[in-house]
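Participant: would you be able to build a 3D model of this:
(chains A and B)
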Amino acid sequence: MELTGRVIKRGTAAGRALVSSEPIGFLGGVDPDTGVITEKGHPLEGECVTGTVLCFPTGKGSTVGSYTIYWMKKVGAAPAAILNAESETIVAVGAIISDIPMLDRLDLSRITTGDWVEVEGPTVEVRKTAE
Amino acid sequence: MRLTPIERSMLAGEHGPGVQRAMEIVVALGRIYGAKELVPVESVQVAGVSYKNLGRAGLEFLHEWAQEGARVRVPTCLNPAGMDLRRWKELGFDRDFAGLQLQVIEAFAAMGIDATCTCTPYHMGQVPSPGAHLAWAESSAVSFANSALGARTNREGGPSALAAAISGRTAKYGLHCEENRLSSVEVKVKCSVEEVADWGALGYLVGKQVQNGVPFFGDLGNRTAGESELISRSDESPFASSLTEKLKALGAAMAASGAVALYHIRGVTPEACAGDMLRPDHTTVVIDSLESGYEALSQGGATTEIDLVWLGCPHASLSQVARLAAFAEGKRFLPDVWITTSRHVRAQAKDAGYVATIEAAGGEVVADTCVVVAPVSGRYQTMATESAKGACYAPSYLGMAVRYGSWGQLQRAMLTGRWEA
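Facilitator: Take a look at the predicted model:
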C-alpha cells in the first residue's frame, strides 16, 4: 500500500512502524539516551522508538523537545523516520535539525505497529506484516 | 510559498550550512502554517537559554550550529539564563552547572549574540516599532510586544527564534497577519482592578478561559485613566509607568495560565486605539470577582512561613527596583528577598544607589536569571510574590508553595517572614 504525505524533512528511511494514538512530547516524555517512552500512562509507555518509523498524530509539550530529538539522533536512539497526521513546530524543527525524514498529512489509521514502512520523499510504502 | 532569489540561495546552501539550516526551519514552519511568503524581522529574542531547560542536547546543538558558521543578522537578545552570569558564586550556584551554563552563553556569543539575558528587553532600550515583525520567544515578552507595543510576533520556540535571527526572516503566518489579530472574545470586567496583583489575578482567570484566543477588554481603559504613556520613547527612560507594570502583569499571567500572545484594551493598547479589534462573531467572558484567581495562585497548603520573597517576574524595570530600594531604606529583611532583572537595569540601579540600599537590607538584585529557570529547587519552601506568572510556575517547576498577594502583603512578609492574608 502506498500513501503520500507532505514533506517536512526530505529523506529516505525504512523500519518497523510504531504507532501511537496519542501525541508525543519528547522533553520529559522520552528517555533521550535509550529512546524509551517514559511518559506515565502514555499508550506507548515502555516502548522503544529507536530505528522505528514512528507514527503519532502530532507533537506536544516544551519546544526544548526539538533538542531532545537532536540528542537522540546523536546517540543513535532516534527513530528512522517520523510520520504525523498534522505536524507542529517542536517535532518539525527537531526532525530538520536532526536530519530525520519526516512527513505529515497522512492517514495514520492505515498503518499498524509492526508494519514494514519505507519512506522516500513524499511517498510512504506500507507492507503489512503476515498475520 | 514565494521566496525571493536571495532566500532561495540561502535555502540552497549558497550562504553556508548554518544559514541553510536556519532557512530550512523558517520555510518548513511557513509551509506547516500556510504562509505565502517570508518577512524580515526587526529583532529576535531567543528562548532555551537556561542550561536547566536546554540540557546537554541543546548545548551540543548550539555548538554545532555555531561551528557551521551560523551568525545572527538582526539585533538579538536572550531569555533569562539559569544563573547570574557574573555573581553566580556568591549567590550559591553550583560550579558544574555554572560551567555548562557559561558554555551555552559562549555558543550564543559565537553566533554574535551578546549575553543580555532578559524577558523584558523593552526595559533596556529594545523597544520594537509599532507594526514591526519580530521573532520573540518568551511568552510575556511576546504578549507585551504584540499588545502594549503593537509589534507583530508569534510565540517562537528556541530553535525557530534562532533560525529567524540567522536568516533575518520569519514566515508570515499567525500574528504576523492582520486578520489573525482581531479578538474572538470580549472580556467584561465587573470588579475593581487596581494594583499589579489584581491585574495578575485577572490575567490568570482570563488566560484559563480563553486559552490561546485574543481577548479584548472593552472597559478596562477607564481603570487606567490619567496614567502616563506606555513607554517613553523620546528619552528611552528606563523608568516604566505604572500602566506598563499593569500590562506586563496582565499579559504575563494570561500567557502562563493560557497561551495568550495578544490582547487588546480599548483606548489603551495601540491597535485598540486605532480601531475596534472585535470580530463580529466574538463570544463574551464575564469576570465578576478576582477572588478565585487569588486563591488559585496561592498553592501549597496553609503555611504562613515565607523564606523567599520574589519580585521581578517578568524582569523588573528600574522603577520596580527603585520602589524596593525606597522600602528597604534603613530596614532589615527577614526572609531572602530577590528582585530579578536584566544586567542593563541592574547596572543603572547600581549607579542610582538602589542596589546598595537593597543589599544593606539583606536583599539581592539578581541579573540575567529568574527563580523559575534557575536550579534553586530545594533551597526554599515557600515563596511570596506579586507575579501571577511566577506563582503559576513555582509549584510545578520548583516544588515551592506560593503565597500570592499585593505589594503591601509583600512588604510585611519581607519584614516578618510571615504571610498575613
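
Participant: identify the residues contacting the closest residue to A:Ile24 other than its chain neighbours.
Facilitator: Excluding the flanking residues, the one nearest A:Ile24 by CB to CB, 6 or more residues apart in numbering or on different chains is A:Phe56, at 4.9 Å. The way it works is simple: take the backbone N, C-alpha and C, and place the C-beta from them, glycine included. Listed by CB atoms under 8 Å, 6 or more residues apart in numbering or on different chains, the contact set of A:Phe56 reads A:Val19, A:Ser20, A:Glu22, A:Pro23, A:Ile24, A:Leu83, A:Asn84, A:Ala85, A:Leu108.

Participant: could you pull up phi and psi at A:Phe56?
Facilitator: phi -150, psi 160 (degrees, to the nearest 10).

Participant: beta partners for it?
Facilitator: Beta-bridge partners recorded for A:Phe56 (DSSP bridges): A:Asn84.

Participant: and it, what pLDDT?
Facilitator: A:Phe56 is assigned 97 on the pLDDT scale.

Participant: for the stretch 151-300 of chain B, which segments count as helices?
Facilitator: B:158-167, B:196-210, B:242-257, B:270-274, B:291-297 (DSSP state H, counting those that start in this stretch).

Participant: deepest-packed of those helices, please.
Facilitator: helix B:158-167 (a mean of 30; mean count of other CB atoms under 10 Å in any protein chain shown).

Participant: how close does the residue nearest to A:Ile24 sit to A:Leu44?
Facilitator: Look at A:Phe56 and A:Leu44: by CB to CB, to the nearest Å, they are 8 Å apart.

Participant: what's the overlap in contacts for those two?
Facilitator: A:Ser20, A:Glu22, A:Ile24.

Participant: surely the last one meets A:Pro43?
Facilitator: No: using CB atoms under 8 Å as the test, A:Ile24 is too far from A:Pro43 to be in contact (9.9 Å).

Participant: higher neighbour count, these two?
Facilitator: A side-by-side neighbour count of A:Ile24 and A:Pro43, using other CB atoms under 10 Å in any protein chain shown, places A:Ile24 first with 25 against 13.

Participant: tell me which parts of the stretch 51-200 of chain B are close to chain A?
Facilitator: B:53-58, B:60-61, B:65, B:157-160, B:163 (CB under 8 Å from any CB of the partner chain).

Participant: number of residues surrounding the closest residue to chain A within the stretch 101-250 of chain B?
Facilitator: Distances between the stretch 101-250 of chain B and chain A by CB to the nearest CB are smallest at B:Gly157, namely 2.9 Å. Neighbours of B:Gly157 under the rule other CB under 10 Å: 27.

Participant: contacting residues for it?
Facilitator: Contacts of B:Gly157 (CB under 8 Å, 6+ apart): A:Thr63, A:Ser66, A:Thr89, A:Ile90, A:Val93, B:Ala47, B:Gly48, B:Ala137.

Participant: need the worst-confidence member of these.
Facilitator: Among the contacts of B:Gly157, A:Thr63 has the lowest pLDDT, at 74.

Participant: re earlier: helices - which of the contacts of B:Gly157 land there?
Facilitator: A:Ser66, A:Thr89, A:Ile90, A:Val93 (DSSP state H).

Participant: identify the farthest-apart pair in those.
Facilitator: A:Ser66 and A:Thr89 (7.9 Å; CB to CB).

Participant: higher neighbour count, these two?
Facilitator: The residue with more neighbours, out of A:Ser66 and A:Thr89, is A:Ser66; 30 against 22, by other CB under 10 Å.

Participant: export the shared contacts of A:Phe56 and A:Leu44 to a markdown table and tack on secondary structure and pLDDT?
Facilitator: As requested, the shared contacts of A:Phe56 and A:Leu44 are exported to a markdown table (DSSP: H, G, I helix; E, B strand; the rest coil; pLDDT from 0 to 100):
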| residue | secondary structure | pLDDT |
| --- | --- | --- |
| A:Ser20 | coil | 96 |
| A:Glu22 | coil | 92 |
| A:Ile24 | strand | 92 |
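
Participant: could you dump the residues you listed to JSON lines with distance to B:Leu205?
Facilitator: Converted to JSON lines, the shared contacts of A:Phe56 and A:Leu44 look like this (distance: CB to CB, whole Å):
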{"residue": "A:Ser20", "distance to B:Leu205": "34"}
{"residue": "A:Glu22", "distance to B:Leu205": "29"}
{"residue": "A:Ile24", "distance to B:Leu205": "31"}
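
Participant: for chain B, state which of those is nearest.
Facilitator: The closest of those, once distances to chain B are taken by CB to the nearest CB, is A:Ile24, at 16.0 Å.

Participant: circling back: filter the contacts of A:Phe56 to the buried ones?
Facilitator: A:Val19, A:Ser20, A:Pro23, A:Ile24, A:Leu83, A:Asn84, A:Ala85, A:Leu108 (16 or more other CB atoms under 10 Å in any protein chain shown).

Participant: list the contacts for the closest residue to the fifth one other than its chain neighbours?
Facilitator: Among residues not flanking A:Leu83 along the chain, A:Cys55 sits closest, at 4.5 Å (CB to CB, 6+ apart). The contact partners of A:Cys55, by CB under 8 Å, 6+ apart, come to A:Ala17, A:Leu18, A:Val19, A:Ser20, A:Leu83, A:Asn84, A:Leu106, A:Leu108, A:Ile111.

Participant: from these, which is closest to B:Gln126?
Facilitator: Checking the contacts of A:Cys55 against B:Gln126 by CB to CB gives A:Asn84 as the nearest, at 35.6 Å.

Participant: identify the bridge partners of the closest residue to A:Arg105 other than its chain neighbours.
Facilitator: Spatial nearest neighbour of A:Arg105, excluding adjacent residues (CB to CB, 6+ apart): A:Arg6 at 4.4 Å. Applying DSSP bridges to A:Arg6 gives these bridge partners: A:Asp104.

Participant: give the contact list for A:Arg6.
Facilitator: With CB under 8 Å, 6+ apart, A:Arg6 has these contacts: A:Ser87, A:Leu103, A:Asp104, A:Arg105, A:Pro122, B:Arg31.
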